[in-house]
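>>> test case, fold it:
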Amino acid sequence: MSPTKCQDQVVLDLWHPLAAVDEVPAGTVQETVLLEERISYVSDGEGNAAVWRSRPELPAGSPVDIGTLGGCLPIKLAYGYIWTSLGTPPAELFPIPEYAEADRRRLNAATIGVNVSAPRAIENFLDMGHFPYVHTDILGAEPHTEVKEYDVELSVERDEIVATRCRFFQPMASTASTGGADVEYIYRVPHPYCSVLYKSSPIDESRLDVIAVFLQPVDQEHVRAHMMLCVLDEENEDKVIKRFQQTIFGQDKPILENQFPKRLPLDPRAETPIRADKSAIAYRRWLSQKGVTYGVIPAAT
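Prediction:
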């Protein structure tokens with residue numbers, strides 16, 4: 001039996017990503033699915049776009065003038081993507097100030113469908129413990145398997161989770177790397193279905209590369225993962241930078257799709273945590289506090 005459409009007002013009121021602006025053909029209707037609703041969108045290729053619930057008279061592929069559209073959903077163009085909401089979203093999306101820095105490469109590394117809930121995918125993104133085993137000789141390698149002590153805080157002011165002092169030995173941290181190094185990480189979860197990772201730049205030790213995963217919940221157990229890169233790299237072509245991240249995500253995808261249950265249990269007793277899971281524990285608690293029910297198994301009351 002297919003799950004019912006989203007009744008979770010917290011999730012309905014969020015901004016959700018639909019597509020990378022640069023990859024949308026100008027002037028023609030595109031279709032996708034968000035929270036089990038068929039959604040159409042169009043970009044004019046000049047910085048304007050519109051989103052609406054799909055209608056039979058505007059099928060995918062048909063030409064359309066944005067100025068003639070009525071009955072549209074909220075829209076925001078941010079970090080290279082078209083975002084929309086099926087509810088009443090906040091005025092602003094979470095900030096990523098580095099995106100405005102002129103010398104950074106800003107790319108959609110890939111948009112990949114994954115058969116897993118959005119919260120499960122975020123939890124995997126936060127997990128450093130799998131690096132040596134899943135991303136062997138790239139983001140980790142034996143015997144460097146220890147997840148060192150790190151700090152996690154829930155910022156009430158910014159309404160996000162932040163994990164700092166994360167360090168891990170990586171044989172090849174990015175396309176700009178020239179050898180293995182201890183890499184510093186900072187994780188932010190500023191949105192229930194989005195996470196932003198900052199990691200040491202091999203180019204400039206005073207700055208950090210930014211890698212974000214923006215998840216589009218197709219339904220409770222399927223997502224489209226949009227991978228945003230905002231990195232310092234003057235040497236490599238776009239396709240090389242993208243391929244590196246696609247390789248990483250390709251290694252994660254089968255792990256994610258074999259998770260059981262596919263929805264994230266929020267009851268702290270449901271799965272045995274270890275010290276390395278501090279950020280995941282904070283994330284689950286945060287979702288519970290927010291009252292998120294979509295894509296999770298709520299804790300018993």
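>>> and the strands in the stretch 151-300 of the chain?
151-155, 160-170, 181-191, 194-200, 208-219, 222-231, 264-265, 296-297 (DSSP state E, counting those that start in this stretch).
>>> what sits against residue 210?
Residues near residue 210 by Cβ atoms under 8 Å, 6 or more residues apart in numbering: 96, 98-99, 104, 196-198, 228-231. In this view, the C-beta of every residue, glycine as well, is placed from N, C-alpha and C.
>>> restricted to buried residues, select those residues in PyMOL.
Applying 16 or more other Cβ atoms under 10 Å to those, the buried members can be selected in PyMOL as follows:
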select buried, resi 96+98+104+196+197+198+228+229+230+231
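>>> right, and the pair among the contacts of residue 210 with maximum separation?
Distance extremes for the contacts of residue 210: the farthest pair is 104 and 197 at 14.6 Å, using Cβ to Cβ.
>>> returning to that earlier point: out of the strands of the stretch 151-300 of the chain, nearest to residue 57?
Set against residue 57 and scored by Cβ to Cβ, the strands of the stretch 151-300 of the chain come closest in strand 208-219, at 24.0 Å.
>>> residue 203 against residue 104, yeah?
No. With contact defined as Cβ atoms under 8 Å, residue 203 does not reach residue 104; the gap is 10.5 Å.
>>> returning to what we had before: quick check: which of the strands of the stretch 151-300 of the chain is nearest to residue 257?
Residue 257 lies closest to strand 222-231 among the strands of the stretch 151-300 of the chain, at 10.0 Å (Cβ to Cβ).
>>> show me how far that closest one is from its chain's centre.
Distance of strand 222-231 from the chain centroid (Cα atoms, centre = their mean, to the nearest Å) equals 5 Å.
>>> same question, stretch 51-60
26 Å.
>>> report the buried residues of that stretch.
51-52, 54, 58.
>>> average model confidence for that stretch?
For stretch 51-60, mean pLDDT rounds to 97.
>>> list of residues touching it?
Stretch 51-60 is contacted by residues 18, 29-31, 37-41, 64, 69, 71-75, 82, 84 when judged by Cβ under 8 Å, 6+ apart.
>>> any of those buried? List them.
So, by 16+ other Cβ under 10 Å, the buried ones in the contacts of stretch 51-60 are 18, 29-30, 37, 39-41, 64, 69, 72-73, 75, 82, 84.
>>> residue 254: which of the residues you listed is nearest?
Closest to residue 254, out of all of those and judged by Cβ to Cβ, is residue 18, at 25.4 Å.
>>> for that closest one, give me phi and psi.
Dihedral angles of residue 18 (phi, psi; degrees, to the nearest 10) stand at phi -120, psi -40.
>>> before we move on, the earlier item: out of the contacts of residue 210, who's nearest residue 164?
Using Cβ to Cβ, those come closest to residue 164 at residue 198, 9.5 Å.
>>> touching both of residue 203 and residue 104, which residues are there?
The contact sets of residue 203 and residue 104 overlap at residue 232 (Cβ under 8 Å, 6+ apart).
>>> where is the longest helix in this protein?
helix 238-257 (DSSP state H).
>>> now do it against strand 208-219, angle only.
Here the directions of helix 238-257 and strand 208-219 differ by 50 degrees (axes from the mean of the first three to the mean of the last three Cα atoms, to 10 degrees).
>>> count of residues packed around residue 87?
Using other Cβ atoms under 10 Å, residue 87 has 16 other residues around it.
>>> meant to ask about residue 15, not that
Residues near residue 15, counting by other Cβ under 10 Å: 22.
>>> thought it was touching residue 84?
Yes. Assessed by Cβ under 8 Å, residue 15 is found in contact with residue 84 at 7.2 Å.
>>> okay, and the common contacts of these two?
In contact with both residue 15 and residue 84: 74, 76, using Cβ under 8 Å, 6+ apart.
>>> distance of residue 75 from residue 18?
9 Å (Cβ to Cβ, to the nearest Å).
>>> over to residue 107?
Applying Cβ to Cβ, the value for residue 107 to residue 18 is 17 Å.
>>> low-confidence bits of the protein, can you list those?
Within the chain, the stretches with pLDDT under 70 are 1-4, 128-148, 168-181, 270-276, 301.
>>> switch the cut-off to 50
For the chain, the stretches with pLDDT under 50 are 1-3, 130-137, 139-141, 144-145, 173, 274-276.
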